[in-house]
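Student: got a sequence here, can you build the structure:
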Amino acid sequence: MKRRQGLTVLAALGLAILMAGCWGSSKSTSLEVSGGASPIATAAAVGIDKCHNCHANTAVGGAGIFEAWALGRHGNNDGAHAVLPPADYFGEPPEDCSGCHDPNGDSLNLQGYSGWGSTPYPRNVLGCEACHGGGSLHFGVGPIGGPKLGEYARPATAGQSSQYNTCTSCHSESNSPHDPSKPFGTVDEIIYDTHYDNASRAVGSNIQGYVIRKTANTACVDCHNPHTASMTVNATVGSPNLQWKNSAHGDFAGEAWKHYQWTAANRQSCQRCHTTTGLINYLTDPANYNPAKNNFVWLSSPATDNRSETLYCYGCHTNYYGGVRDPGAITASYTGVTPEPVFPDVNASNVCLACHTGRESGDSVKAPTGSFDNRSFINSHYLTAGATLFRESGYTYYDNDAFYYANLSTFEHDNVGTTAAAGTGSNGPCVGCHMSSWLNPADPTQGKHKFLPVGRDNTGAGEIITTAACSVCHNGVKQPVMDITALHAAEEEALAALAVLDNVLRSKGIFFGTTHPYFFTAPYDNAYVETGSCSNNLPVKNWNTGGTSSFTYNAASRSCDSAVAVPGTDNTGKNNMGAAFNYNVLAHDPGFFVHNNHYAKLLTYDAIDWLDNSGLDNSVQSYIDANITDAQIKADALQFFGASGRPPTD
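Tutor: Sure, this is the predicted structure:
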């Protein structure tokens, strides 16, 4: 078997008396390098016991580095990983494993450390200098001396940073030299199964894994805490925290990440939200964001490389211990909408609002001039929770929007995570609700990086509200108690109102489908394949009441071109599309009834009120009574809207 070559063993305990700073008295000038860029001689290792003298209480992410290390995997806390009797630390036969499991002999340097627990003999450890390089030139004040000043133990090579080379000297990104069939080839050591995406992957097929930024000197600490040697939010199968990987942000099969080749030049307008690289570029300087500068440096050939990105840890975070990017208040760029709406500055939730406010708003439907008798549907573009929360997503029917749509004084979910809702945190409503979930030991996929405020109970058997934010207000005093039963009841009422809106849209020949452009002249037929007849799955293009279109097959584009057949009633098309827009924006936001149920009531109510007779006359209840035959839907919809007539605004 091929011998595992590890990091050079440089332990020299006799060197300790020569050290300055924390552990010695002499000083050296060998750190003086021109511009801090010239190579210096590899520094000698002095032993982790010397590091402990200064770094025992150094805070990183709220914990002492040494203490975090000692309790983590690199410190071999449970003593279960590659524990060898002392005589075998550096010996052969059968094999020298110390290169990865005890490279500097630090297991012997810390025999007296009280944090070792009950391990019967010194346990193998991956000490500080194994990753950071020798400390003989460190002096406790400057960068530790690796192959270059301030780098890691292994030097950078072409296309691979110092950190990447250091970590992958043991954690292989290929099926070599460790063979997973061998006892020592564990998933913790081999990362090739989850840290790659095949360049020849077919567009639209599942992403295979996480693509490392090999050129970055944060390649591994983008997500991993190296001192605990674990990931709080994304760990290996079988460990207690699989939150991120089981969230929509880490879903390798998610349409948001695999549907197109988002890194391609013709998808630049999408990259801000569908790639981590684009998101970082945007969040760094939203006002001057230029998608042409999205640099996918890990692509071997951008023209042919089909690898893609989910939303990686470093998209939202600036470091592995919780630092969050700060773009400031988010300004929405909706087509034709001036002035551009500016969302409130809600601290860490600004990161969420960068993408969860949609590409278009109801005002994008209002903006165009001219007829709506041959116009494609304007799509809000999904998951617009933030825009609904702050009353910017929908199509409004009244000129006095400030009264009818903004004066919703009893709605307070937009205050979550602010001083106006004490006890809900300080990072705004998105974080306050979606990232305050407790981690359920019975369901390791739950927790705040799952981003879902509903999860399993402690037995793993039932559903429960897991976010801590709801109970602050819904405590039986300020607001009625909100448990999972009440939440689902509210959901059923909201969906019933949406079903009524769908019913009246259908009565006008506007049928919602699950594929773009979402609204068709008849129910969508999933089995139909267009061969030139233009007989099925025709999009609504004439939005005027009573208007129709004619369609002609275009062989060049293999699609159906539209033209006006019957013009229909003038000046009704914009409001009709607005009603469809409201249905689309709410149907693509599963939590709309929580994000802003008052606003959602007005958007659905006014859309129904307009559509049933092309007028705004508070005829919703009469329409429901006359046209909805399902008793439960009828009762739930009326309950959602409240008393007969238009829902109150305050």
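Student: in the stretch 401-550 of the chain, which spans are strands?
Tutor: Along the stretch 401-550 of the chain, counting by DSSP state E, counting those that start in this stretch, strands occupy 454-456, 463-465, 511-512, 519-520, 548-554.
Student: by contact count, what packs against the first one?
Tutor: Using 3 or more CB pairs under 8 Å, 6 or more residues apart in numbering; DSSP states H and E as the contact test, the elements touching strand 454-456 are strand 463-465. No exception for glycine: its C-beta is placed from N, CA and C like everyone else's.
Student: what is the strand it packs on packed up against?
Tutor: Using 3+ CB pairs under 8 Å, 6+ apart: strand 463-465 touches strand 454-456, helix 484-507.
Student: can you list contacts of that strand?
Tutor: Strand 463-465 has contacts (CB atoms under 8 Å, 6 or more residues apart in numbering) with 453-457, 482-484, 487.
Student: next up, the contacts around the residue nearest the centre of the chain.
Tutor: Taking CA atoms, centre = their mean, the centroid of the chain lies closest to His249, which sits 3.7 Å from it. Shown here is His249, whose contacts under the criterion CB under 8 Å, 6+ apart are 310-311, 451.
Student: widest-spaced pair of the contacts of strand 463-465?
Tutor: Greatest spatial distance in the contacts of strand 463-465: Arg456 and Met482, 17.7 Å, computed using CB to CB.
Student: which of the helices and strands packed on strand 463-465 has the lowest mean pLDDT?
Tutor: Among these, strand 454-456 has the lowest mean pLDDT, at a mean of 78.
Student: would you single out the least confident of the strands of the stretch 401-550 of the chain?
Tutor: Among those, strand 454-456 scores lowest, at a mean of 78.
Student: got the domain ranges for the protein?
Tutor: 1-153, 171-325, 430-473 (automatic domain parsing).
Student: first-to-last residue distance for the last one?
Tutor: Just to be clear, that refers to domain 430-473. One end of domain 430-473 to the other measures 16 Å (CA to CA, to the nearest Å).
Student: now stretch 297-309
Tutor: Using CA to CA, the end-to-end distance of stretch 297-309 comes to 12 Å.
Student: just stretch 522-533 next, same as before
Tutor: 15 Å.
Student: what's the closest of the helices and strands packed on strand 463-465 to Thr384?
Tutor: Closest among those, using CB to CB: helix 484-507, at 14.8 Å.
Student: which secondary structure elements does that closest one contact?
Tutor: So helix 484-507, by 3+ CB pairs under 8 Å, 6+ apart, packs with strand 463-465, strand 511-512, helix 573-587, helix 592-595, helix 597-613, helix 620-627, helix 631-641.
Student: buried residues of that helix, list them for me.
Tutor: Within helix 484-507, the residues scored as buried using 16 or more other CB atoms under 10 Å are 487, 490-505.
Student: same question for stretch 368-384.
Tutor: 371-375, 377-384.
Student: got a markdown table for these, with distance to Gly315, pLDDT and secondary structure too?
Tutor: Listed next are the buried residues of stretch 368-384 as a markdown table, based on distance: CB to CB, whole Å; pLDDT from 0 to 100; DSSP: H, G, I helix; E, B strand; the rest coil:
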| residue | distance to Gly315 | pLDDT | secondary structure |
| --- | --- | --- | --- |
| Ser371 | 42 | 94 | coil |
| Phe372 | 38 | 97 | coil |
| Asp373 | 43 | 97 | coil |
| Asn374 | 40 | 98 | coil |
| Arg375 | 35 | 97 | coil |
| Phe377 | 30 | 98 | coil |
| Ile378 | 28 | 97 | coil |
| Asn379 | 24 | 96 | coil |
| Ser380 | 23 | 94 | coil |
| His381 | 19 | 94 | coil |
| Tyr382 | 18 | 91 | coil |
| Leu383 | 16 | 93 | coil |
| Thr384 | 19 | 96 | coil |
